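K.L.:
would you be able to build a 3D model of this:
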Amino acid sequence: MSNRELLPRKGSDDPVASQPVRLFMKVPEAQVMPKPPSCMARAMGLHLYSDALLARKVRIEMNFAAGLLLLVSLFEWLLWMLLFNGLYNSSLSAVNYKTVLAALTATFFGVAVFWFERQMLTSNERGLRLFLAMAFRAAYILVSAYITSQTFELIIFKVPIQERIHEEGIREAAAQHYREVSEAEDLVRKLESGDPRQVAGIIQMTSDVEQAQLKDVQNQIKAAEGRRRRQLEQIGVARVDGDWSRVASLNGSIKATDDLLTKLGDRETGAGEDLIKRRNAIEAERQKLLNEAREKRPRLHDWIASVLNPKAKKGNAVEIWPYQDPGRSFFEKLLILEDLRVGRSVSWPGATPEVRQGLQQEFGFYEPPSCADLKAQRTLLSNLDISTMARLQGDIADCERRQAKTKIFNQAWWAGLFIALLIPTLILAIKALLMPKALRRYYSGLYPEPEG
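P.N.:
You can find the predicted model right below:
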């Protein structure tokens, strides 16, 4: 406002005119533009329409909606990324080039969820179209949560699954070593049987070559000795006949035969020594195999004691048979999780019933009893002797603990599924029930964005 005073004319006698006249003129104030929403809300495209309805409350609610939209999209992207990382790497926590591929694959789902949630949040649809959109989103949430919650469940049950993998890995390795022990003991029986064919087949060593060489030299010696005898007979006949030239010739032949017999004798000695060395080597190898086979069962006892008690001092058996928990694929871990949920006992990969029974009886591997009707078992306690009653009471207590553990696992599994469902349903619930009136009015379409 501004005012100006109009003074009366000089010489005027009018008392009214003598008073100053004040004129007031209204000056329009400068128009104050509303403050825009946050950068994140604008980047997400939530600031769609005119600023005419962009009051302070609308701006605050829009900023919160942007944060919630970012949370839901990142949550969906993270679950899908963990899922594909588990499929590509068999490990949710693995980081390599396949992780980058998993992140890129999950981006498709994250972007799709972001766009759909944004469209539903900013839509001014009513009636059947909005109902169909919400129904589609609810169905997608259910399917997506059921699929992606598998990775979430593996994170929740990481420790129990790893413990089960450790137990199964020990049983698998124990079954393999138990078969090796059985084969070694069967080998001992064959080596001690005295059958040369079986020993030769096991040791993969024979003295056939040395024996053939010795026999060949002995045959040559025998032939030379026979030839020398004939030559001596011929010398006697030649002397009786007085054929001294023939006697001289035969003496030369006898000397050559004697030289040959000397050489053959040396060869026979060498061939005999070679045969003895070969037989000694075969016997040494046989004893070596026998010793190794006989040591395997005590070694298996030491190995099982070491792997069942990792805190104990590692012995020689662990160095010979080093143990490391086996790797399990994504779907194998899901199978283990299902075993935990339904209360199945630890499996025995690669173990036959005979091997399993032998490990249980000799090495004390625990196999939980089958859980029948616990009420029926309790009614039988009063009719049993003390020892049977004590054993049955222990079995009943074990079954009750396993059932309680199974119940806890199932509750945790459903909790993981509900968590995977909860966050994606937030925007759906806000759009249907909790959207503030001012923000709903802003997205009502009454003030559309100007063209151009």
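K.L.:
count the residues that sit near the residue lying closest to residue 94 once chain neighbours are set aside.
P.N.:
Leaving aside its chain neighbours, residue 94 sits nearest to residue 85 (6.5 Å; criterion: C-beta to C-beta, 6 or more residues apart in numbering). Heads up, the C-betas are built off the backbone N, CA and C, glycines and all. Neighbour count of residue 85, defined by other C-beta atoms under 10 Å: 26.
K.L.:
quick check: residue 85 is in a helix.
P.N.:
Yes: counting by DSSP: H, G, I helix; E, B strand; the rest coil, residue 85 falls inside a helix.
K.L.:
centroid-nearest residue for the chain?
P.N.:
By C-alpha atoms, centre = their mean, the chain has its centre lying nearest to residue 328, at 2.9 Å.
K.L.:
so what's that one up against?
P.N.:
90, 165, 336 (C-beta atoms under 8 Å, 6 or more residues apart in numbering).
K.L.:
helices or strands up against whichever strand or helix holds residue 277?
P.N.:
Taking DSSP states H and E as the criterion, residue 277 maps to helix 244-308. Applying 3 or more C-beta pairs under 8 Å, 6 or more residues apart in numbering; DSSP states H and E, we find helix 244-308 packed against helix 158-192, helix 196-203, helix 208-241, helix 316-320, helix 353-363.
K.L.:
assign residue 47 to helix, strand or coil.
P.N.:
Applying three-state DSSP: residue 47 is coil.
K.L.:
which residues touch it?
P.N.:
Residues in contact with residue 47 (C-beta under 8 Å, 6+ apart) are 36-37, 41, 54, 62.
K.L.:
between those, which has the most around it?
P.N.:
Of all the contacts of residue 47, residue 62 has the most neighbours under the rule other C-beta under 10 Å, reaching 28 neighbours.
K.L.:
dump the residue contacts of it.
P.N.:
By C-beta under 8 Å, 6+ apart, residue 62 lies in contact with 37-38, 41, 46-47, 439, 442.
K.L.:
in helices, which of those residues appear?
P.N.:
41, 439, 442 (DSSP state H).
K.L.:
pick the one among those closest to residue 208.
P.N.:
Closest approach to residue 208 among the ones in helices among the contacts of residue 62 (C-beta to C-beta): residue 41, at 91.6 Å.
K.L.:
which stretch of helix or strand covers the residue nearest to that closest one when sequence neighbours are not counted?
P.N.:
Excluding the flanking residues, the one nearest residue 41 by C-beta to C-beta, 6+ apart is residue 66, at 3.9 Å. Per DSSP H and E, residue 66 falls inside helix 56-89.
K.L.:
not counting sequence-adjacent ones, nearest residue to residue 133?
P.N.:
Spatial nearest neighbour of residue 133, chain neighbours left out: residue 120 (5.8 Å); criterion: C-beta to C-beta, 6+ apart.
K.L.:
what about residue 242, how many residues nearby?
P.N.:
Neighbours of residue 242 (other C-beta under 10 Å): 8.
K.L.:
just residue 307 next, same as before
P.N.:
Neighbour tally, residue 307, other C-beta under 10 Å: 19.
K.L.:
report the contact partners of the residue nearest to residue 94.
P.N.:
Per C-beta under 8 Å, 6+ apart, neighbours of residue 85: 91-92, 94, 98-99, 102-103.
K.L.:
list only those of those residues flagged as buried.
P.N.:
91-92, 98-99, 102-103 (16 or more other C-beta atoms under 10 Å).
K.L.:
tell me the one of these nearest residue 358?
P.N.:
Among the buried ones among the contacts of residue 85, residue 91 lies closest to residue 358 (C-beta to C-beta), at 34.0 Å.
K.L.:
would you mind measuring from the residue nearest to the closest one when sequence neighbours are not counted to residue 166?
P.N.:
Nearest residue to residue 91 in three dimensions, chain neighbours excluded: residue 85, at 7.6 Å (C-beta to C-beta, 6+ apart). Distance, residue 85 to residue 166, using C-beta to C-beta, to the nearest Å: 23 Å.
K.L.:
with distance to residue 271 and pLDDT added, can I get the contacts of residue 47 in JSON lines?
P.N.:
Listed next are these as JSON lines, based on distance: C-beta to C-beta, whole Å; pLDDT from 0 to 100:
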{"residue": "36", "distance to residue 271": "106", "pLDDT": "79"}
{"residue": "37", "distance to residue 271": "103", "pLDDT": "84"}
{"residue": "41", "distance to residue 271": "100", "pLDDT": "86"}
{"residue": "54", "distance to residue 271": "110", "pLDDT": "78"}
{"residue": "62", "distance to residue 271": "103", "pLDDT": "87"}
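K.L.:
which one of those residues is nearest to residue 273?
P.N.:
Closest to residue 273, out of all of these and judged by C-beta to C-beta, is residue 41, at 98.0 Å.
K.L.:
okay, now the unreliable bits of the stretch 51-200 of the chain?
P.N.:
In the predicted model of the stretch 51-200 of the chain, residues 125, 194-200 satisfy pLDDT under 70.
K.L.:
ok now the helix holding residue 66, how far from the chain's centre?
P.N.:
Computed by C-alpha atoms, centre = their mean, to the nearest Å, the separation of helix 56-89 from the middle of its chain amounts to 28 Å.
K.L.:
kindly report the same for stretch 231-247.
P.N.:
The answer for stretch 231-247 is 95 Å, by C-alpha atoms, centre = their mean.
K.L.:
would you mind pulling the contact partners of that stretch?
P.N.:
250-251, 253-254, 257.
K.L.:
make a markdown table out of those residues and add pLDDT and neighbour count.
P.N.:
Shown next, in a markdown table, are the contacts of stretch 231-247 (pLDDT from 0 to 100; neighbours: other C-beta atoms under 10 Å):
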| residue | pLDDT | neighbour count |
| --- | --- | --- |
| 250 | 79 | 21 |
| 251 | 81 | 12 |
| 253 | 83 | 15 |
| 254 | 83 | 16 |
| 257 | 84 | 19 |
